[in-house]
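Q: Build the 3D model from these lines:
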Amino acid sequence: MNVPLLHVADLTIGYRTRDGMVRPVVRDVSLTIARGERLGIVGESGCGKSTLALALLGYLRPGGLVLGGVVRFDGLDLLRLAPPALQRLRGGRIALVPQNAGQSLTPSMPVGAQVAEVLAVHRGLGPASARARAVELLAGVRLPAPQLLARRYPHELSGGQQQRVAIAMALASEPELLVLDEPTTGLDVTTQAHVLDLLDDIGERTGAAMVYVSHDLGVIARASDRLAVMYAGEIVEGGSTRDLFAEQRHPYTRGLLTSALRLDRPVLPQAMPGQPPAPGFHGSGCAFAPRCAFADPICVAAPPALEVIGGDRLVRCHHWRRAATAETIELDPRPRHTRVNGAAPLIELHDVSVTYARRGTVAFLRRALGNPDPPPTVQAITLTLRRGATLALVGESGSGKSTIARAIAGLQPLHSGGLRLGGANLALPVQRRPVDMRRRVQLVFQNPDASLNPRHTVGEILERPQRLFFGLTRAECRTRSIALLEQMRLGAHYLDRFPGQLSGGEKQRVAIARAFAAEPEIILCDEVVSALDVSVQAAVLNLLAELQAERGVSYLFISHDLAVVRAIADQVAVLYQGRLCEIGSVAQVYTPPFHPYTASLLAAAPILTPGRRARAFDRDETPGGPPARGCPFYHRCPRRIEPACAVEDPPWRMVDEHHAIRCHLSLDQLAEPVAATPLSIALGETR
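A: Numbers count the residues shown, from 1 in each chain. Now for the predicted structure:
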């Protein structure tokens, strides 16, 4: 009989509250992981996923208490192991890849030195050997020029490169168990595909077991063999990933999958009603009962047991038989704006270029010595966003999406070109814009924690734009704020809360409410749903669509998630290294002919089909900067034409009046599939 590498039995973890009560946030969790196995853990924010993941390393956050159960790694009880022995184990036989690699890397040390430090501590290597091995590890995670990159500091790397450094550090000691907490959140689709391919290769080569914690169901479908679904600190369903995606026995699992966006359908998902309970507040019966369509008095009175219902399939539900046979509701595609192309222009960018090149005496002397400035970061962008429509900007990290949004918001000056809002000149820094122009353009950031003042209540946050733009009294602001919160599905009782008392989805809704408080004509949405779990993401997207229909507001929507873009956008602009590659309606851009870069993005997108791999670029690293001439995608394009693509700017090809592709290939060539259409690959129809 094979002994599991990791054995968790009846684990309960609690935290002490200010009133002295102990609230369990992980309850009676039992699971096993065999050597070489990949386990996925999914659930909404606050369900206990990360607390459980950290407990697998024998770690509890400050204030955490083990209320019962054990965590055994190869026979060792991690929660009762002496600190010196536990320190040797962590980073040695067990390693963690954290969610935010940028925050986990030491900013004052070169990344090569950080990897070498792990080798010195856990492998006993000398300085020279550790440095040499660190370079080998950086090369092993497919980082370019590893000897040069080893001397760089974390802030000099992209998000995808930082994540790979974190993986290299975790692998330095050749661990037997790798715990990955949201390892791809915030990464673009191509970097995500390469990170997952890399982890597959590592698992096959080393035999390491892996635990994936993620709210991205496409990543879980791609990366895990078995799945554990958590709600309110409990495992409510478990089994093979393939079985759970094929048939859900628990209503919560079904709700998660119904809330997930799909690349093949332009449909806004159906969000689950209600919200999960606050950590530790789960009631006396089934914690999911207040949100469940199958709930009856027994669900409120008695907690369901975790049943084994065949093989390794587990479910915690009184009515799992009814849930398993319930009919799935098919959603209709979201109605598109039928007159988008005929609506009046709101935002117009004409030949816009933006540069981050330094100015001043040093830059002047450099140019005087014959060293020209590098090409603009964003160059020759011409776009029109019409009233009441949504224009999405897509592309990898560093493609210029946020730079364009910052230029429209007045936070980044233009290098050249024109920018107009309803015919008025918008090419002014935000400080010089009239108050009414500032009101008309609002920005919602990716991370609400970075934009909501933690010292202000929600009421104060919403009051500020109302007093600034409309001069309302405090009583008038309060009345209007309550109406805004109710539109956001929150309520008046949130006015006196601070941002730290809100969940991630609640914070994002407050940020959206603040933007709408100004009654804007356009809202710049910069990755507003990328860090949200699928149910909250669905609720926020439906909310944005409803508010657009009610108020006629326009959105500039920036996202890495191509399924989100297909569900919410009317028009799509594809960017690569600050240059436009393709633009058209969402239906046109997601249908052949494709620009080769668009095709590659679609093929790399994660899919809700277990065991299917998205197709990543053969080359996953971009050159150092945009080229002075030629096609910017030349170095990575599988269909490049020599020498034209290297030396000549590609022409625009008009597919029809509103769909254009910038490429040297003819439209007939662009319509030809290479092996299969990229969208069919992304949907898992072919390998």
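
Q: show me where the stretch 251-400 of the chain has helices.
A: For the stretch 251-400 of the chain, the helices defined by DSSP state H, counting those that start in this stretch cover 251-259, 297-301, 320-325, 361-368.

Q: Show me which of those has the highest average neighbour count.
A: helix 251-259 (a mean of 23; mean count of other C-beta atoms under 10 Å). C-beta coordinates here come from the backbone N, C-alpha and C atoms, glycine included.

Q: Quick one: low-confidence residue ranges for this structure.
A: 1-2, 158-160, 186, 328-342, 358-373, 504, 611-625, 673-687 (pLDDT under 70).

Q: ends of stretch 511-529, how far apart?
A: One end of stretch 511-529 sits 12 Å from the other (C-alpha to C-alpha, to the nearest Å).

Q: roughly how far out does that stretch sit from the chain middle?
A: 19 Å (C-alpha atoms, centre = their mean, to the nearest Å).

Q: Any idea how far apart the tips of stretch 644-653 sit?
A: Separation of the first and last residues of stretch 644-653 by C-alpha to C-alpha is 16 Å.

Q: go on, stretch 118-133?
A: 11 Å.

Q: ditto for stretch 28-40
A: Stretch 28-40 end-to-end distance (C-alpha to C-alpha) = 18 Å.

Q: In it, which residues are buried?
A: Asp28, Val29, Ser30, Leu31, Thr32, Ile33, Glu37, Arg38, Leu39, Gly40 (16 or more other C-beta atoms under 10 Å).

Q: Now flag whichever of these is closest to Cys645.
A: Arg38 (39.6 Å; C-beta to C-beta).

Q: tell me the contacts of the closest one?
A: Applying C-beta atoms under 8 Å, 6 or more residues apart in numbering, one finds that Arg38 lies in contact with Gly203, Ala209, Met210, Val211, Tyr212, Ala223, Ser224, Asp225, Arg226.

Q: of these, buried ones?
A: For the contacts of Arg38, buried by 16+ other C-beta under 10 Å: Gly203, Ala209, Met210, Val211, Tyr212, Ala223, Ser224, Asp225, Arg226.

Q: next one: phi and psi at the third one?
A: According to degrees, to the nearest 10, the main-chain angles of Met210 amount to phi -140, psi 140.

Q: Ok, Gly68 next?
A: phi 170, psi 160.

Q: I am assuming it contacts Ala9, so please confirm or correct that.
A: No. Judged on C-beta atoms under 8 Å, Gly68 makes no contact with Ala9 at a distance of 9.5 Å.

Q: Against Arg142, how distant is Leu171?
A: Remark: distance between Leu171 and Arg142 (C-beta to C-beta, to the nearest Å) = 13 Å.

Q: In terms of neighbours, single out the busier of the two.
A: Applying other C-beta atoms under 10 Å to Leu171 and Arg142 shows that Leu171 carries more neighbours, namely 22 against 16.

Q: send the alpha carbons of stretch 187-203 over as CSV?
A: Extracted C-alpha coordinates of stretch 187-203, given in CSV (Å, rounded to 0.1, in the frame of the first residue of the first chain):
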residue,chain,number,x,y,z
LEU,A,187,-0.4,37.3,-15.7
ASP,A,188,-1.4,37.7,-19.4
VAL,A,189,-2.6,34.6,-21.2
THR,A,190,0.7,33.8,-23.0
THR,A,191,2.8,34.2,-19.8
GLN,A,192,0.2,32.1,-18.0
ALA,A,193,0.4,29.3,-20.6
HIS,A,194,4.2,29.2,-20.4
VAL,A,195,4.2,29.2,-16.5
LEU,A,196,1.7,26.2,-16.5
ASP,A,197,3.7,24.4,-19.2
LEU,A,198,6.8,25.0,-17.1
LEU,A,199,5.2,23.5,-14.0
ASP,A,200,4.0,20.5,-16.0
ASP,A,201,7.6,19.9,-17.2
ILE,A,202,8.9,20.3,-13.6
GLY,A,203,6.4,17.8,-12.2
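
Q: distance between it and the chain's centre?
A: 14 Å.
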